[in-house]
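Asks: After the sequence you'll find the predicted model.
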Amino acid sequence: MAPTAIVLVRDADGFGPTIAEALLPSPNSNLTRESSSFELSLEKYDVKDSKASGDLIQFLDPSGSPQLICNIYLILS
């Protein structure tokens, strides 16, 4: 687990994704930025016809250890 985690919501006005896209390592940093998307069913939590989706942004040090994780979530129905 990274020492710092940020959780943002994918809101209708787009503030969460805009903030996440603005997160960049400083030019003299040795961190690299990686991102991926995910979708999860919520049926095992007895929530029918809905799913959670999101984006995961990680900043990794040269050894591949995460130093910052940013999650952006949206619950879809």
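Replies: Yep, it's here.
Asks: need the contact list for the closest residue to Ser65 other than its chain neighbours.
Replies: Closest residue to Ser65 apart from its sequence neighbours, by C-beta to C-beta, 6 or more residues apart in numbering: Ala2 at 8.0 Å. All C-beta spots, glycine's among them, are computed from the backbone N, C-alpha and C. Contact analysis of Ala2 by C-beta atoms under 8 Å, 6 or more residues apart in numbering lists Gln58, Phe59, Ser65, Pro66, Gln67, Leu68, Ile69.
Asks: Any idea how far the one helix or strand in the chain whose mean pLDDT sits lowest is from the middle of the chain?
Replies: In the chain, the helix or strand scored least confidently by mean pLDDT, DSSP states H and E is strand 66-76, which has a mean of 79. The gap between where strand 66-76 is centred and where its chain is centred comes out at 2 Å by C-alpha atoms, centre = their mean, to the nearest Å.
Asks: Now it: buried residues?
Replies: For strand 66-76, the neighbour count (16 or more other C-beta atoms under 10 Å) marks Pro66, Leu68, Ile69, Cys70, Asn71, Ile72, Tyr73 as buried.
Asks: What segments of this structure are helices?
Replies: For the chain, applying DSSP state H gives helices covering 15-22.
Asks: where in it is pLDDT low?
Replies: 1, 75-77 (pLDDT under 70).
Asks: and the gap between the nearest residue to Ser41 once chain neighbours are set aside and Ile69?
Replies: Of all residues not flanking Ser41 in the chain, Lys51 sits nearest, at 5.4 Å (C-beta to C-beta, 6+ apart). Applying C-beta to C-beta, to the nearest Å, the value for Lys51 to Ile69 is 21 Å.
Asks: Dig out what the residue nearest the centre of the chain forms beta bridges with.
Replies: Closest residue to the average C-alpha location of the chain: Asn71 at 2.2 Å, with C-alpha atoms, centre = their mean. Applying DSSP bridges to Asn71 yields these beta-bridge partners: Val7, Leu56.
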